[in-house]
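>>> predicted coordinates and the sequence they were generated for:
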Amino acid sequence: MGSQVNSCITFNGNARQAMEFYRQVFGGELELGTIADFGSPDAPNADKVMHSRLDTPAGYTLMAWDFPADRPGHPPYRSGNNVALFLGGDDDSELREYFRKLSEGGTVTLPLERQVWGDEAGSVVDRFGITWMFNISAQLQ
C-alpha cells in the first residue's frame, strides 16, 4: 500500500472515553498514548491523549487526540462540525448494527431510509458530537 487516508478526530479532553466507546462499537485493537507517555509527564495536560489509533476487524482505522488548548496557532476547538465520518458498503446487518450502537446516547439526524439513488442512507451525531454518515448499497437482484 502506497498511501491511505484515515480519520483523525479532535476531542476536547475526552478522546480516551470516545475511543473506548468506538472500540465497543467496532471491536478491534486500541493503542492510546498520553502527553506524559510521549515524554512530557510534567505538562499541564499530561493525562490527555496525544495519539490514539483503533484498528478494527472490518479494516477501519480511527485515530484521535485531545485538542491542545494551550498551543498557540491552533484554530479554536469545534466539536463535531469540522469532521464527518463515512461508513458505506453492502453488509446490511453490520452497518445497521453500527448505526444502532452509534445512535445510543446520540441523535439520529437522518434515519436509515431508501434514497433516490437506490441505496439506504442515514446519519447520526454520536454522544461525543461526531457526525457519522451511512450508505448501505442496494443489493442487485
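Cool, got the structure.
>>> quick one, phi/psi of the residue lying closest to Ser137 once chain neighbours are set aside?
Closest residue in space to Ser137, ignoring its immediate chain neighbours: Asp90 at 4.3 Å, by C-beta to C-beta, 6 or more residues apart in numbering. In short, each C-beta sits where N, CA and C put it, glycine included. Per-residue torsions, Asp90: phi -120, psi 10 (degrees, to the nearest 10).
>>> partners of the nearest residue to Ala84 once chain neighbours are set aside in the sheet?
Sequence neighbours aside, Thr131 is the residue nearest to Ala84 in space, at 4.2 Å (criterion: C-beta to C-beta, 6+ apart). Assessed by DSSP bridges, Thr131 has beta-bridge partners Ala84, Val125.
>>> ranges for the strands of this structure?
7-11, 29-34, 49-55, 61-66, 84-89, 107-114, 120-125, 131-136 (DSSP state E).
>>> pLDDT (mean, whole number) over the last one?
For strand 131-136, mean pLDDT rounds to 89.
>>> how far does it sit from its chain's centre?
On the basis of C-alpha atoms, centre = their mean, to the nearest Å, strand 131-136 sits 12 Å off its chain's mean C-alpha point.
>>> buried ones in that strand?
Neighbour counts over strand 131-136 (16 or more other C-beta atoms under 10 Å) mark 131-132, 134-136 as buried.
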